[in-house]
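J.: Here you go, sequence then predicted model.
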Amino acid sequence: MANGTLLRVDAVEKTFHGADGPVPVLRGVSFTLDAGRTLALTGESGSGKSTLLHVIGGLDTVDGGHIRLGETDVTALNDRGRAKLRRSRVSVIFQQFNLIPSLNVASNIAFQARLAGRYDPDWTADLAARLGLTDHLRKCPEQLSGGQQQRVAIGRTLALRPELVLADEPTGNLDEETGEAVLRLMLDLVAETGAALLCVTHSHSLADGMERKLVLRRGQIA
Amino acid sequence: MIRVALLALLSHWRRHPVQLLTLVIGLATATALWSGVQAINAEARASYDRAAGTMAAGSRARLTADGPIPQETYVALRRAGWPVSPIVTGNAGGLRIVGIDPFTLPPEDQPTGLGARQIDTGFITPPGQLLVAPGTQLAAGLPPAIEAEGIPQGTAYADIGIAQTVLGMEGQISRLILTAEPSFNAPPLDEIAPQLQRSEGAGADVARLTDSFHLNLTAFGFLSFAVGLFIVRGAIGLAFEQRRSVFRTLRALGLPRLTLLGLLSLELLILALVAGAVGVALGYVIASVLIPDVAATLRGLYGASVEGTLSLRPIWWLSGLAIAVLGTAVAAAGSLWQTARLPLLAPANPRVWRRGSTLTRQLQGGAAILCLGVACAAWIGFDGLIPGFVLLGGLLMGAALLLPVVLHMVLSSLSRTARGPRSEWFWADAEHQLPGLGLALMALLLALSANIGVGTMVNSFRLTFTGWLDQRLAAELYVSAEDDAQAREMREFLGPRVEAILPIRAAEADLSGAPGQVFGVAADHTTYTDLWPVIDAGPDVWSRVAAGDAALVNEQLARREDLWTGDTIEIGDWRAPIAGVYSDYGNPQGQAMVGLDRFDRLFPDAPKHDFGLRLPLEDVPRVEAALRERFDLGPDQVTDQEAIKRISLDVFERTFTVTAALNVLTLGVAGLAILTSLLTIATMRLPQLAPVWALGVTRRRLAALDLGRAVLLAALTFGASLPVGIALAWVLLSVINVEAFGWKLPLRLFPLDWLRLFAMSLVAAAFAALLPAIRLARTPPSALLKVFAHER
């Protein structure tokens, strides 16, 4: 397992401009996450958790501050650079699963790893088996249950073997029993790949399963 | 409740202005093309009506027998309630004598100059009078002459009794003219006079041909309308799908199902009337632009008189609005039906992007096969123009319905060749988009097929027509003398200056009971034996014609009367064996061609003024100048081959100007269909594109892939439309043309034109996809991130 700081978030600021004027969402957020470690990010709705996840993952840009992933200054990357970052080093698990509806399960799982040129068929097959998806590989996402779809999303993320996994309420759309089963599987597999995990959640039990916990309140670390 | 519910429904359009624009543009363009064509047709028909008085005489149906008709038959028919008028014709004293009955022949059919005064003063009582052109010399023994303007040279009109005496045909009639349709209780012709056959007059031919022309225009107008309706169908379908949650909520809040359907119908009616009004205005503009060419075509090709201006008729714009409402109703019927059956607790998500199910494809394939089956049945089982258009419509509709099925198969095959994740997603996503883009692609297929089909037909026609002109207009110069004396003098003058002088003799005559033209030619000359466009011939065709033993007939006459080589045709009093059939694209009339000696025997008084000259091309200007100088000829008395060809081709080109314009407009509408489809569904694409973007594909790359996908789908659609277009061309050339114009043309292929159209369709698709692609490339990440935050 790698050691040292993988993610460094330094005084990050982000403001949205709506009909009622500017709304500051992140106000000088700073923290670090070591490689191979897990971190839960909790907070009330609207506290800026998802936005923080998005800017770390290169899905959105910051208005101030810096985000470093290893030696890479994420905030200095252009659109193409951020796309490359998402493709090869960071992977996001969304609450809505966000699978590609036109591809079947097998293609969805392999998609990101193949984009990054790191596709390992054995590892992918092993992942599918452990996620209980072997019998569903030829199906379309719409033919699966919510729990199964989230397993596909987890499989897609881990097939890449990213340095950092970002999970945004990964069990928020699942019932409690399914959510716990999916969560256990995700934590086991993340630990196995050696990736760091930053997980946004409302769930105390999920947060308690992480090595560290941060609370975000009105755009600041509490 | 109703007002609140209606406002809730209408609020959808405020939030989706592009969709509203799509619907209005689609319906307006569809209505514009339809009502434009209808305006042209209405104007032309009004012109025919105005000209009806002068057309009537030629348009009467005729009753004829294999030989003369006994006068008793005429009496029996009149007594049975058949409004017939007798005509007797024959030659006497160097004149063509036409005997008429001034009491039963309608005034508009009587020769100019025949009025009550002549009838009273001896026209009908022996010795009678002959109505002739001024300057006509009468042979001894004929009744006295009355000269009148407008009587053809060499023809004399007389009372039928007088004419029968002069011609020695007492108690005999050449033919009967049907002055009106018999009353409904009159016994059928077979009962009273089974030996008589009914045939339509030359005017009826013109009416039939102009009807064909208008039917062609109407068919293309309808095709354009159908293409436009694909846009409307797409826009309405999407609007209904997107409002499923609104429908569900309104129903849940207590709005009755029927009230909801009524409100949706009212909303559609308002939209249809607004878009229809815009469409009618646009249609007026289209018609105004096109009608001068239509008028020129009808004048040039059929001799029909149409004014080149357009007037605004209430029936026309009312029918434009009606077709807009009807089109909207047709386009919305499916969506309204689905809404009526929507369960209260149905899922609210739009289903537009649901993967096209195998069942849907099977149903579409079944409907396509049904359409193609109807087309085949119309082709095999029936004759006539209407079955021809059923064949055309079935073919196009079947092909359009089959397109999504074929594209699905092709894309599935291509996806198996994918090597990388992007290409795998590209193919899968293209297949996934088919249900949403299907209607626009079907519209494109129809437009491309029409372009290929009509283009192939016109170019095949042009090549054949040009070749035919080269054959028919083989003489380098055509000369028309003032009179026979000048003609003789010219022949002497020209003898040493040209290679050959070919007399051209022409006379109006009955051809198997129907009016037509007979030409006398030097049939043994190489101009005819080597060049004349004969399409069906027996052995020694030219030597038999030259010897006066047989005649040639033109294709129109052969097809209309089913007279081919080996049959016989009545030319005046001569039952001529048919030695062959020649192609003739110049006029609707039946024609026969005989040797010069035979012609002189049949029509001894026909003028001998016209001839063609064969000479080396380089000598043409010199000989023409010498002729003009020596004989002081008018500009229309010497015509060179090139000038006639130029005029003929000009008429030809004008004929297809309107069709070409409609073709371009239809292709434009199809391009618009793609653009509006892509714009309308652009926002609904985000849930599909956002995950791919999140996984590391840039927006620019996604936009490029979307652009490429639109171009690819257009290319595949072009591939599908090529065989459909060729089949369409074959139907037009071998079925529609034969029924409409009386001639059949060989199908020729024009790959370079297809290549040009292929490039045009790709460019059109790229242009249509460009704006949505640019919008995608500039979509802010926050918009894409919303996909991950909300259920869409």
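T.: Good, I have the coordinates. Numbering: from 1, shown residues only, chains lettered A, B, ... in the order given.

J.: Pull the contacting residues for the residue most central in space within chain A.
T.: For chain A, the residue nearest the mean C-alpha position is residue A:166 (1.9 Å; Cα atoms, centre = their mean). Residue A:166 sits next to A:53, A:56, A:57, A:90, A:91, A:92, A:93, A:198, A:199, A:200 when contact means Cβ atoms under 8 Å, 6 or more residues apart in numbering or on different chains. For glycine as for every other residue, the C-beta is placed from the backbone atoms N, C-alpha and C.

J.: Kindly provide the distance from it to chain B.
T.: Distance of residue A:166 to chain B, given as Cβ to the nearest Cβ, to the nearest Å: 10 Å.

J.: next structured bit after the host helix or strand of that residue?
T.: Assessed by DSSP states H and E, residue A:166 sits inside strand A:164-168. As assigned by DSSP H and E, the chain's next helix or strand after strand A:164-168 is helix A:176-193.

J.: how many degrees apart are that following helix and strand A:164-168 in direction?
T.: Between the axis of helix A:176-193 and that of strand A:164-168 there is an angle of 170 degrees, by axes from the mean of the first three to the mean of the last three Cα atoms, to 10 degrees.

J.: What are the contacting residues of helix A:176-193?
T.: With contact meaning Cβ under 8 Å, 6+ apart, helix A:176-193 is reached by A:36, A:38, A:93, A:127, A:130-131, A:146-147, A:150-151, A:154, A:158, A:161-162, A:165, A:167, A:170-171, A:174, A:197, A:203, A:205-206, A:209.

J.: Among these, name the ones in helices.
T.: Mapping the contacts of helix A:176-193 onto helices (DSSP state H) picks out A:127, A:130, A:146, A:147, A:150, A:151, A:154, A:158, A:205, A:206.

J.: Return the members of these classed as buried.
T.: Neighbour counting by 16 or more other Cβ atoms under 10 Å in any protein chain shown classes A:127, A:130, A:146, A:147, A:150, A:151, A:154, A:158, A:206 among these as buried.

J.: returning to what we had before: mind listing which of the contacts of residue A:166 are in helices?
T.: The helices, defined by DSSP H, take in A:53, A:56 from the contacts of residue A:166.

J.: among the contacts of residue A:166, which are in reach of chain B?
T.: For chain B, the contacts drawn from the contacts of residue A:166 by Cβ under 8 Å from any Cβ of the partner chain are A:57, A:91, A:92.

J.: Can you check what pLDDT the model gives the closest residue to chain B within chain A?
T.: Closest contact between chain A and chain B, by Cβ to the nearest Cβ, is at residue A:87 (2.5 Å). Turning to residue A:87, the model gives it a pLDDT of 85.

J.: hmm, back to that, for the contacts of residue A:166, give me TSV that also has neighbour count.
T.: Formatted as TSV, the contacts of residue A:166 follow (neighbours: other Cβ atoms under 10 Å in any protein chain shown):
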residue	neighbour count
A:53	22
A:56	26
A:57	24
A:90	26
A:91	29
A:92	28
A:93	24
A:198	28
A:199	29
A:200	25
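
J.: Among the contacts of residue A:166, find me the one that's closest to residue B:169.
T.: Closest approach between those and residue B:169, by Cβ to Cβ: residue A:92, at 104.0 Å.

J.: For that closest one, list each beta-bridge partner.
T.: Beta-bridge partners recorded for residue A:92 (DSSP bridges): residue A:166.

J.: who touches it in this structure?
T.: Contacts of residue A:92 by Cβ under 8 Å, 6+ apart are A:53, A:57, A:59, A:86, A:157, A:165, A:166, A:167, A:168, B:694.

J.: Using ChimeraX, define a selection of the buried residues within those.
T.: If you want just the buried ones from those in ChimeraX, going by 16+ other Cβ under 10 Å, the selection is:
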select /A:53,57,59,86,157,165,166,167,168 /B:694
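
J.: a markdown table for the contacts of residue A:92, including distance to residue B:660?
T.: Below are the contacts of residue A:92 laid out as a markdown table (distance: Cβ to Cβ, whole Å):
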| residue | distance to residue B:660 |
| --- | --- |
| A:53 | 59 |
| A:57 | 56 |
| A:59 | 52 |
| A:86 | 52 |
| A:157 | 58 |
| A:165 | 62 |
| A:166 | 59 |
| A:167 | 62 |
| A:168 | 58 |
| B:694 | 49 |
